[in-house]
Every structure is written in C-alpha cells, then in structure tokens.
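1. Sharing a sequence plus its predicted fold:
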Amino acid sequence: MEKLILIDGNSLLNRAFYATPPLITKKGVPTNAIYGFINMLIRMIGDMQPQYIAVAFDLKAPTFRHKMYKDYKGTRKPMPDDLVPQFPVIKKVLELMNIKTIEKAGFEADDIIGTLAKKFSIDTIIITGDKDAFQLVDESTSVYFTRRGMSDLEVYDIKNFTEKTTLCPCQIIDLKSLMGDSSDNIPGVKGVGEKTALSLLADYKNLDGVYENIENIKGSLKEKLVNEKTIAYISRKLAEIDTKVEIEINKEDLTFDFPFNSQVKEMFNELEFRTLVKKEIFGKDIIENNEKEELEIENILDFSEIEQKFTGTFSVYFEDEISFNFGTNTEYKIKLKNNFFDEGLEYEKLFTFIKPIFENTYNTIIVFNKKSLEHKLYAFGIEIKSKIEDISIKKYLVDYTGKEESLKDVLNDYNSDTKYPAYSIFKINTELDKKMEEEGVKELYYNVELPLSKVLFEMEQNGFKIDENILAEYKSKYENEIKYLTEKIYELAGERFNVNSPKQLAVILFEKLNLKSGKKTKTSFSTNVDVLESLQDKHEIIPLILRFRQKQKLLSTYIDGFKPLIDKKTGMVHTSFNQLVTSTGRLSSK
C-alpha cells in the first residue's frame, strides 16, 4: 500500500532543538536541531516504509490569518538564536536527500500539509507537535503527535480519535473557536475554558449549533457567548486549516532517495554527525562507483625488487595485509599467510623485505598511527628512519571527535573505501594537509605532536620500574589500616555491615544515625563523596568512612592493580599512551 509522510518542518525542528543536547561544530555552527530532526526522519523511513515524503515550512511573511487578526501569534517568543541558522541547513540536507520541501507566501505549514493530505487519496501520516492538525484526521489520514522529546509519538487516527479526545476531528476547530488557543494567540470567547467548551460541543455539536440554541443557554455563559459572537467566528476562521491552497504538485514529485547518496554522507561529515555517517543508510553514487571501478589492485609476487620499487612518497596500510599507494589508482598489496595452506608471504619473512623501505631516509611514508606501527616494526628489528606523515595525529588536530578512533572509523568519516586502505590514507592525508593549512596548525603538528609521538614510543618501549618490595610494604600497611578503620566504623555504627555497600551504608547513616541527606538514588540515599564531605562535621563516623574509601582505592588500583602488569623478567610496567583522545591535549594512559 502506498504511503505518504507529511512533516511540519517548523514544529519538528523546534521540538528537536529542545529535545537534543547542544551540538556545535568546530566552526561554531549549532546543529542539535538538525541532528534530532534527521534521526527521527531516518527512524520514520525505516519504521513506516513510505513511498512519498514532503516537509512543509512556514515563511516569515504574514499569512491571511495575520491580515484577519493583527495579534495572531502575537504572544510567541522569538526563535532562539541557535535555532535560526539551522533552518537553511536542514533545507539543504533535505534537498540532497531529494525530499521535497514546500513553503508558500501567505500560508502556514499546516495549510500546505492539509492541502496535500486531501489532494492524494492514499494512506497519509502527518508528523507534528501542533494539535491544529487533529482536524485533518480522516479515513486515510492519521496524525503522529510529538509529545515529549522526539521519540514519544502518540497516534491519532479515525478509529481512536473520539475515544482519546471525546470529539470528532471536525470539532477541533469549534473547540478552539470557543476556548481559544494561547499558543497561537487565538482569542476565543472570554471566560470560556476547555471544560465549558467541551460541554457546549457535547450538547450542540459545533459553533453554529451553539448559537442556533443560544436561548437554551442560561446565565453569564449566555451573556459571554452573545457578547463575543464575532470574536468566536473570527477565532474559528483562524483555527481552520485551509485545505485548498494552490499547490501545483504531483504525487510522483514527492518520491525521495533512500538509501541516501554520497553527497548526504559528505554533508553529515561536514556537520560532524559521526554516528549517522556510520549507519547503513547510504547507497552507492554513480560517480563513486566509476571511481572505484578504475582502482586496480596489483599483488606483489616478486619481493626482490620491492626496495627499488617503493621509493619516494607513498602511503602504507599495515594490518592483516600490507598495501602501498603512490597517490595513483593502483593499490599494491602483499598477501600474508594466516596458515600453512594460504597463498602469500609468511609474516616473519615480510619484515626482511620491507626493512629497507622504512630505513630509507629519502622516503616519505604516510600511515595511520605511527606509534603503533613503530612497535610492530621494532619487534622485528626495524627502526623507522624514513620521514613519516601520520593522518591519525592530523585528524586529531583539525577534526577532533572526542574518542579513540580506528582506521576504519576515519575511513568511514571521510567516505573512503575500506577495500583500498592505502589509497584512502593517501587521499585523506591530502585533505587533512589542506585543513591544517587553513587552521594554522602545521607548526603544532611538525614541531610538537609528531615529535611527541616518537618520545612516547620510546617511553613505552623503556617502561617504568616498579619496586615490588615497596608495593608489598604498602599492601601490608593499607590492609592493616583498612582492618582498623573497619572495626572503628562497626563500633560507631553499633553493628557489623558491608562498608563497601552504598545501600547498607545509607541505612546506617540516614536511618540508624539519622543524618540528613539531600541526594537520593533510585533505590536509596546517595553516599557519594560529595554527600559524605558535606557531613564531615555531623558525626565522627564520616571521616573514618572517607579515609576507608581512600585506602581501599589506593590498595585496589595502585597496589593490587599494578602487580599483574609487572613484567616478571624485567620488573617493568609498559603502558600505552594516547595523545589523540583528550580535548585539552593531556595524555591518557592504559
């Protein structure tokens, strides 16, 4: 069955803005509303499987409603500054997705949606956070109302509408004509609220019915209705969606692209939507296919000429296989044996052939994660003497993501083919060089980060000496102190319990000892360090618990924790430093 989705662009983008945490690109572009909008769009396409989609937007120009009632929507707050620039961007993204966007001077998005819903006799779903759209529900049209955030959608269709609202869809207009609508500044009848309006409609069906039976209505309500009759009918006109807007469009104009093309992926990269880039929502672009068809793989079988062949500037990929690229469409590969029956070169023999390549001081070799490669080569007696360009460091400087990235992550981020890794590394390096030039970080890369990588490699190789005798001394000392503290805590608590159990500790502190706490977890009161420190002068048990936790941490992390990491032959600990994870430039270690 054919299905059409109609999206209220202003409503959905506004909801996404408030439902999605702030997101800003490195260039300072706010993107949280766009991200939330696209996520919901992708989910709708997957769940609803529509053949057609249209997104309607409001224009700034006054509509026929403003001309009819100058204060229409007059109480609305201005759009947040960070939301304004996201509208042209989302329209650009939708254009790349081949999703039709429609806006028309003098009319609102509701009018466009209403017109399209009545124009095509197919199953239609309206996505909106505006209850005005409820009046459009009929045999073929349902409304998916965004309640809280972006994921909570409540469905209103012809089967459940009266049960949910006590009204029929057409009465939504009459309801607003009586009670008004503060969000759109529709006045309604002064003094008539929702309860009264619903009661009137239950008795008289619609606004005309109310005034046809005005003599049956008594007291102050009658007086209000009589005095406000003109306003009531103006309000009705303001609330009614125009379903006959002149829009020259065919159903086929609302078809869209899915999976999305490579231009959408590039746009997601530009907007730094890493999670979306990795989703399986992209097809193969014709240009992309042509480029990939032109790429060739040449398997290296004669290793005697490898030293002469690989000189100059080239990229290297070194994982389950080794491949080289000179910036051309040829990927040179060395197949490696995984077992006795495989074709290819034995892993150990490989290093004999590639040693001269990496020790040639005239070569410039582009790699991903220089330090990791250095460890791999060092284990087979190879010292890198060639000039090295490291795209992992370059990407950290100009395209920081806040997490540790694999080569596959980077290739996906840059829309590159994982089948030709060396070719992709070469291409990405060129792109990153341009970005480093634009952002003025070349000096930082060559004078600080790249040399630091070499220093960290040497530190990791050398390792750190651990004095096991001192560790043993401290282990005994801390265990004795923890034992002493535990007994003192039991004495002050008046019973034995598991001091490491937050739940049991909470019972002792806040129920038995009646200490006050302002923080509560789902199951009990919080006993985190902030809470305990705020109670230090309230009971002598608190300083003992804090000291107990400190000694426990030292024992488990630095005494017992280090012991299994010590090399039994050398007495050294070898860590791995990561210079590419923190936003501040600090090192992390694991």
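-> Ah, there it is. Model, not experiment: these values are computed from the prediction. Numbers count the residues shown, from 1 in each chain.

2. Starting from the helix or strand where residue 444 lies, tell me the next helix or strand along the chain.
-> Per DSSP states H and E, residue 444 falls inside helix 442-444. Past helix 442-444, further along toward the C-terminus, the next helix or strand under DSSP H and E is helix 450-462.

3. Can you give the distance of the following helix or strand past that following helix from its chain's centre?
-> Helices and strands here follow DSSP H and E; after helix 450-462, the next one along the chain is strand 464-465. Using C-alpha atoms, centre = their mean, to the nearest Å, we find the averaged C-alpha position of strand 464-465 to lie 41 Å away from the chain's own average C-alpha position.

4. so where is the stretch 251-400 of the chain shaky, pLDDT-wise?
-> Within the stretch 251-400 of the chain, the stretches with pLDDT under 70 are 284-293, 339-340, 342.

5. show me where it has strands.
-> Here the stretch 251-400 of the chain has its strands, by DSSP state E, counting those that start in this stretch, at 296-299, 313-318, 322-325, 330-334, 364-367, 387-390.

6. Quick one: these as JSON lines, columns for mean neighbour count and distance to residue 347 too.
-> For every residue, glycine as well, the C-beta is placed using N, CA and C. Compiled in JSON lines, the strands of the stretch 251-400 of the chain are given as follows (neighbours: other C-beta atoms under 10 Å; distance: least, C-beta to C-beta, whole Å):
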{"stretch": "strand 296-299", "mean neighbour count": "12", "distance to residue 347": "17"}
{"stretch": "strand 313-318", "mean neighbour count": "22", "distance to residue 347": "11"}
{"stretch": "strand 322-325", "mean neighbour count": "23", "distance to residue 347": "10"}
{"stretch": "strand 330-334", "mean neighbour count": "20", "distance to residue 347": "10"}
{"stretch": "strand 364-367", "mean neighbour count": "22", "distance to residue 347": "18"}
{"stretch": "strand 387-390", "mean neighbour count": "20", "distance to residue 347": "22"}
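
7. Same list (those) but as CSV, adding distance to residue 23.
-> Formatted as CSV, the entries for these read as follows, by distance: least, C-beta to C-beta, whole Å:
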stretch, distance to residue 23
strand 296-299, 39
strand 313-318, 32
strand 322-325, 35
strand 330-334, 36
strand 364-367, 31
strand 387-390, 28
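
8. neighbouring contacts of the helix holding residue 444?
-> Here helix 442-444 makes contact (C-beta atoms under 8 Å, 6 or more residues apart in numbering) with 397, 436.

9. what about it, average pLDDT?
-> The average pLDDT for helix 442-444 rounds to 95.

10. In contact with residue 436, which residues?
-> If a contact means C-beta under 8 Å, 6+ apart, then residue 436 has 394, 397-398, 442, 445 as its contacts.

11. Top of those residues by number of neighbours, please.
-> With neighbours taken as other C-beta atoms under 10 Å, the top of the contacts of residue 436 is residue 394, carrying 24 neighbours.

12. Report the secondary structure state of the residue nearest to that one when sequence neighbours are not counted.
-> Nearest in space to residue 394, with sequence neighbours left out and distances taken as C-beta to C-beta, 6 or more residues apart in numbering, is residue 432 at 4.0 Å. Per DSSP: H, G, I helix; E, B strand; the rest coil, the secondary structure class of residue 432 is helix.

13. Hmm, residue 265 is touching residue 277, no?
-> Yes - with contacts counted by C-beta atoms under 8 Å, residue 265 reaches residue 277, the gap being 6.1 Å.

14. who are the neighbours in contact with residue 326?
-> The contact partners of residue 326, taken as C-beta under 8 Å, 6+ apart, are 312-314, 426.

15. so which pair among the residues you listed is furthest apart in space?
-> Of all pairs drawn from the contacts of residue 326, the one with the longest distance (C-beta to C-beta) is 312 and 426, at 12.1 Å.

16. These two: who's more crowded?
-> Neighbour comparison, residue 312 and residue 426: the larger count goes to residue 426, with 25 against 11 (by other C-beta under 10 Å).

17. Spit out the contact partners of the more buried one.
-> Going by C-beta under 8 Å, 6+ apart, residue 426 touches 314-315, 325-327, 366.

18. can we see that at 7 Å?
-> Neighbouring residues of residue 426 by C-beta atoms under 7 Å, 6 or more residues apart in numbering: 315, 325, 327, 366.

19. do residue 35 as well
-> Contacts of residue 35 were listed using C-beta under 7 Å, 6+ apart, and they are 20, 23, 273.

20. Beyond the helix or strand residue 114 falls within, next helix or strand please.
-> Taking DSSP H and E as the definition, one finds residue 114 inside helix 109-119. Tracing the chain past helix 109-119, the next element assigned as helix or strand by DSSP H and E is strand 123-128.

21. Going by neighbour count, which residues in that following strand are buried?
-> Buried residues in strand 123-128, defined by neighbour count with 16 or more other C-beta atoms under 10 Å: 123-128.

22. Whichever helix in the chain runs longest: which residues count as buried?
-> With secondary structure taken from DSSP state H, the chain has its longest helix at helix 468-493. When burial is assessed from 16+ other C-beta under 10 Å, helix 468-493 yields the following buried residues: 471, 478, 481-482, 485-486, 488-489, 493.
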